[in-house]
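1. predicted structure and sequence below. I'll ask about it afterward.
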Amino acid sequence: MTGLFITFEGIEGAGKTTQIRLLQDHLLSQGKRVFTTREPGGDPVAEALRAVVLAADAPVTPTAELLVFLAARAQHAERVLRPRLQAEAIVLCDRYIDSTVAYQGYARGHDLAWVRRLNDFATGSLTPALTILLDLPVECGLSRQSDRNRMEAESRDFHHRVRMGYLSEARLFPERFRVVDAARSVEAIHADILKAVQEAIRSAG
Ligand code: T5A
């Protein structure tokens, strides 16, 4: 695998989409080959699964929810992520394995070791070189939201557990995570992300 795999994580409204767009523009202006994608989704089958699992009124059980996110990930990893990384692109992915650990593990209550093993199974252990965690208080993230999917309608407590879960993962895997304070201006956040990405590009080179 010769590309560079970078994932973006955070609670609802953390600013992942905004920051990925800015980073993509910057990297393209530097002549880099960049590919942007998202989870759940990024492939027709995975996008169909996304529609099912995120529909506002879908009566999805917690176990089915976990397995649908993983099924979408398996499809995306094999059909999209691996080929793009083999084509030497910098791949920017909006959410990945840590979303499942944070939402279905820490917040929903599925066994963490089990969720990690399922992530490995779904992806063939495809792990990001760098994970940017955009961290901010739940109230701040939720106040930025305009439309609400099924997960976004969960309680504040649920989203608080997601946030704490992410921060625990960042402490467990410090070599991969960079935690960025996302309660600041778009420009200040972008500057921090650029530093982390430039370091990752140097290390990979
Ligand atoms: N999920 C996903 C799981 O439960 N398990 C899994 O395994 C996976 C993969 C995905 C949902 O699925 C769940 C998690 C999610 O609930 P989604 O629609 O992709 O759903 O949700 P998000 O990823 O949260 O996308 P959002 O668009 O809601 O949030 P972003 O992308 O983090 O934020 P962004 O950039 O769209 O910004 C939101 C708003 O804030 C403004 C923007 O202009 C925008 O209006 N904004 C700022 N405002 C002030 N200051 C800043 N610094 C700002 N940055 C952005």
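-> All right, it came through fine.
2. next, count neighbours for residue 128.
-> 22 (other C-beta atoms under 10 Å). (Glycine included, C-beta is placed from N, CA and C.)
3. wait, what's in contact with the closest residue to residue 176 other than its chain neighbours?
-> Leaving aside its sequence neighbours, residue 176 sits nearest to residue 131 (C-beta to C-beta, 6 or more residues apart in numbering; 5.3 Å). Going by C-beta atoms under 8 Å, 6 or more residues apart in numbering, residue 131 touches 6, 7, 8, 9, 96, 98, 170, 173, 176, 177, 178.
4. inside strands: which ones of those?
-> 6, 7, 8, 9, 177, 178 (DSSP state E).
5. out of these, flag the one nearest to the ligand.
-> Closest approach to the ligand among the ones in strands among the contacts of residue 131 (C-beta to the nearest ligand atom): residue 8, at 7.7 Å.
6. tell me how many other residues crowd the spatially closest residue to the closest one that is not a sequence neighbour.
-> In space, and not counting its chain neighbours, residue 8 is closest to residue 16: 4.3 Å by C-beta to C-beta, 6+ apart. For residue 16, the count of nearby residues is 23 (other C-beta under 10 Å).
7. didn't residue 16 look like it was pressed against residue 9?
-> Yes. Residue 16 lies in contact with residue 9 (C-beta atoms under 8 Å); the separation is 7.4 Å.
8. which neighbours do these two share?
-> Common neighbours of residue 16 and residue 9 (C-beta under 8 Å, 6+ apart) are 95, 134.
9. got the residues of this structure near the ligand?
-> Within the chain, the positions lying close to the ligand (C-beta under 6 Å from any ligand atom) are 10, 12-18, 39-40, 54, 69, 94-95, 99-100, 103-104, 144-145, 149, 151-152, 185-186, 189.
10. try 5 Å
-> 12-18, 39-40, 69, 95, 99-100, 103, 144, 151, 186 (C-beta under 5 Å from any ligand atom).
11. in ChimeraX, select just the buried ones from these.
-> This is how ChimeraX selects the buried members of those, with burial counted by 16 or more other C-beta atoms under 10 Å:
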select :12,13,14,15,16,18,39,40,69,95,99,100,103,151
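12. mind jotting down where the strands sit in this protein?
-> 4-10, 34-38, 90-94, 130-135, 177-181.
13. columns mean pLDDT on top of those, output as CSV?
-> Listed next are those as CSV, based on pLDDT from 0 to 100:
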stretch, mean pLDDT
strand 4-10, 98
strand 34-38, 98
strand 90-94, 98
strand 130-135, 98
strand 177-181, 98
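14. can you say which of those is packed in most?
-> Of the strands of the chain, the one with the most neighbours on average (mean count of other C-beta atoms under 10 Å) is strand 4-10, at a mean of 25.
15. longest helix of the chain?
-> For the chain, the helix that runs over the most residues, judged by DSSP state H, is helix 186-204.
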